[in-house]
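K.L.:
I'd like to go over a predicted model; first the sequence, then the structure.
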Amino acid sequence: MKVTRLFTLMGILSLHTVFAQEYDQNAFGARLAGAYLGQKPPGLTAEVFAPGMVSTELYELFSAFTPDMKEFYFVRYDEDDKPSMIVYKYEDNQWNESITGPRVGEPFISNDGKIMHLGRKYMERTDTGWSELKSLDSPFKDMRIMRLTTSSKGTYYFDEAKEEIPIRYSRLVNGKREAPQTLNLDLGIFNAHPFIAPDESWLIWDDQRAEGYGNADIYITYKQQDGSWGPAINLGDRINSAESDSYATITPDGKYMLFNRKIDENNVDIYWVDASFIETLRPK
């Protein structure tokens, strides 16, 4: 596998077709019951998320809980290098796994749970699941967007699969989407995979800098009183490693951060860590 696969958008196919491929619950027993897929929450040092269930010896990428925390989406590449979107659903006091379809983007679920953003694509929540795959309007549909996240006000924060392209945003103004604007951020060489706070008070992304711990590290910045963004703050060596750490996601309850860590050329796992650093690092 090549790391460049992280930035490749797959073919445009609908995710709403569900293949009946339930996980063998007996393999994990009680671990499949309770919050966070039955996992014991981590502390201030990052740990593997759901080892053997979600994180395996294959590539597992991205993390997206629904706001009610009853569905968890991620992408896995199988032994034949084929990527699939996988979901764990909490039903009848048990987490059940199924494949929802091929990978078509990097999932982010809006704060109201109504839209699953997939880069320049998206799906809408329906009474029976998710709608067919749709494209954003211009100019977004023509961009090589890897990850697009939204605030509670519906503001887009997104990247592009190009080096030295800044992270941008686009607000809803009087019901209309404004042209993309460049964020005035303290950025490094490759700035990617933004995750915006629901109230837009902070932004997390991954970046490559000479002073970092590895190939890519995760950073946070805070919006200041004058509306500008403060300096980039590295999350430190209890979260970042000598390998690539990227695609940070904060759980809807605000308690934990999930992210990707490259283990080796054939393995990327999902890690998680207590998200109290958001307040600890916030400038006083």
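P.N.:
That came in fine, so what should we check first?

K.L.:
Report the beta-bridge partners for residue 117.
P.N.:
Taking DSSP bridges as the rule, residue 117 bridges to residue 108, residue 122.

K.L.:
what's the neighbour count on it?
P.N.:
23 (other Cβ atoms under 10 Å). Just so you know, the C-beta spots here come from the backbone N, C-alpha and C atoms, and that holds for glycine as well.

K.L.:
Please enumerate the helices of the stretch 151-284 of the chain.
P.N.:
Taking DSSP state H, counting those that start in this stretch as the criterion, the stretch 151-284 of the chain contains helices spanning 277-280.

K.L.:
Phi, psi for residue 159 please.
P.N.:
With angles defined as degrees, to the nearest 10, residue 159 sits at phi -120, psi -170.

K.L.:
For it, which residues are in contact?
P.N.:
Contact analysis of residue 159 by Cβ atoms under 8 Å, 6 or more residues apart in numbering lists 145-147, 165, 167-168, 191-194, 205.

K.L.:
at 6 Å instead, please
P.N.:
Contacts for residue 159 (Cβ atoms under 6 Å, 6 or more residues apart in numbering) come out as 146-147, 167, 192.

K.L.:
Also residue 124?
P.N.:
Residue 124 neighbours (Cβ under 6 Å, 6+ apart): 115, 131.

K.L.:
That one: what secondary structure?
P.N.:
strand (DSSP: H, G, I helix; E, B strand; the rest coil).

K.L.:
Would you check how far apart it and residue 131 are?
P.N.:
Residue 124 is 4 Å from residue 131, where distance means Cβ to Cβ, to the nearest Å.

K.L.:
Give me the common contacts of these two.
P.N.:
Shared contacts of residue 124 and residue 131 (Cβ under 6 Å, 6+ apart): none.

K.L.:
and the nearest residue to residue 82 once chain neighbours are set aside, bridged to which residues?
P.N.:
Using Cβ to Cβ, 6 or more residues apart in numbering and skipping the chain neighbours, the partner closest in space to residue 82 is residue 102 (7.8 Å). Beta-bridge pairing of residue 102 under DSSP bridges involves residue 84.

K.L.:
before we move on, what about residue 217?
P.N.:
residue 207.

K.L.:
pretty sure it is touching residue 239, no?
P.N.:
No. Using Cβ atoms under 6 Å, residue 217 is not in contact with residue 239; the gap is 8.4 Å.

K.L.:
Strands of the stretch 151-284 of the chain, start to end?
P.N.:
For the stretch 151-284 of the chain, the strands defined by DSSP state E, counting those that start in this stretch occupy 156-158, 168-170, 172-173, 176-177, 181-182, 192-196, 202-207, 217-222, 233-234, 245-250, 256-264, 267-274.

K.L.:
ok, residue 200 - contacts?
P.N.:
Residue 200 neighbours (Cβ under 6 Å, 6+ apart): residue 151.
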